[in-house]
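Novice: next come a sequence and a model predicted from it.
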Amino acid sequence: MRRILRERDAAAPPPPCEPRTLAKLEDAFTRGGGNVVRVQQLLAEENNLQIPYSTLTRWIREAGLRRPPRRAGEYHFNPGQEMQHDTSPHRLMMAGKPITAQCAGLVLAYSRRLFIQYFPRYTRFESKQFLLEAARFMDGTCPVCVIDNTSVILAAGAGASAVVAPEMQAFARTLGFSFHAHRVGHPDRKGRIERPFAYVEGNFLPARSFNDFGDLNRQVLAWCRDLANQKPKRALGMSPEAAYLIEKPHLQPLPSALPPVYELLERVVDLHGYVSLDNNRYSVLCRHRHNAERF
């Protein structure tokens, strides 16, 4: 009799989500941007609901809240072989107002260790600043950095015929790597950094607000260190931080003198001995006025 009862209980379907819990789940799912990990965090923080991840995904599937993921191919990399860089515009709340900020990310292709920062704009100046901070965060670089065909880094061409801007090429060479642009219409080639952007939008940004870009970048850096890089990944069988310990000896060490980050601008000295920059005028020393037309 006991065996029959156990078999009957084992064959019984798991209980569905209660209506009151389902309403809270749907609200958290909407505010969490569809990211189940963030939904689980919101339910625990705001409603004191400790729901196992497998149960939560089943309830979401039964409620029809999200579609199944698309199947895609996979690239495999050796430790220290490649890193990938990309940017993406994100909508977020800053000082109580919605703004669009440029999210820049870099990931090590083998360990999937992630570094994220935000900027109000993303020019070559911000790109060099980000790449330097990313190299310091990783404490080394891979010889190849795969990018898309962005004009921020490229001067002309695309894919295999892409021409990297001289200043960006020189900056990368100082840090020990070179840029490689993937062919047009093939973003999966840098899927290691494409997928984390959706993770950032779905897990980091929802239900968070920021005072300024300094506050935003401090929070996202802590999120990378304490959550994104500590979470075990099924494809790795470990966390990115643990895989990074394997990859670290294969990275190229940083130079003893890191390259300076600056923006080179050309200006013409006017008849009154001034140059203009961003609607401001600056006086030029007399010795520069007589020897050169450009300062």
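Specialist: Alright, I've got the coordinates.

Novice: residue boundaries of the helices in the protein?
Specialist: Remark: helices assigned in the chain by DSSP state H are 2-11, 19-31, 36-47, 53-63, 124-138, 166-175, 191-199, 213-223, 240-247, 286-291.

Novice: what's the closest of those to residue 114?
Specialist: helix 191-199 (5.4 Å; C-beta to C-beta). (Each C-beta comes from the backbone N, C-alpha and C, glycine too.)

Novice: please work out the average pLDDT along that closest one.
Specialist: Averaged across helix 191-199, pLDDT comes to 88.

Novice: what angle sits between that helix and helix 36-47?
Specialist: On the basis of axes from the mean of the first three to the mean of the last three C-alpha atoms, to 10 degrees, helix 191-199 is oriented at 30 degrees to helix 36-47.

Novice: would you put the C-alpha positions of helix 191-199 in CSV?
Specialist: Provided in CSV are the C-alpha atoms of helix 191-199 (Å, rounded to 0.1, in the frame of the first residue of the first chain):
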residue,chain,number,x,y,z
GLY,A,191,28.5,36.2,-29.3
ARG,A,192,30.5,36.1,-26.1
ILE,A,193,29.8,39.9,-25.7
GLU,A,194,26.5,40.1,-27.5
ARG,A,195,24.7,37.8,-25.0
PRO,A,196,25.9,39.6,-21.9
PHE,A,197,24.3,42.9,-23.0
ALA,A,198,20.9,41.2,-22.8
TYR,A,199,22.0,39.9,-19.3
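
Novice: picking up where we left off before, for residue 110, which of the helices of the chain is the nearest?
Specialist: Nearest of these (C-beta to C-beta): helix 240-247, 5.0 Å.

Novice: take the helices of the chain and lay them out in CSV including mean neighbour count and distance to residue 111.
Specialist: Putting the helices of the chain into CSV (neighbours: other C-beta atoms under 10 Å; distance: least, C-beta to C-beta, whole Å) gives the following:
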stretch, mean neighbour count, distance to residue 111
helix 2-11, 8, 40
helix 19-31, 16, 31
helix 36-47, 18, 20
helix 53-63, 15, 23
helix 124-138, 20, 9
helix 166-175, 16, 18
helix 191-199, 19, 10
helix 213-223, 16, 17
helix 240-247, 18, 4
helix 286-291, 10, 49
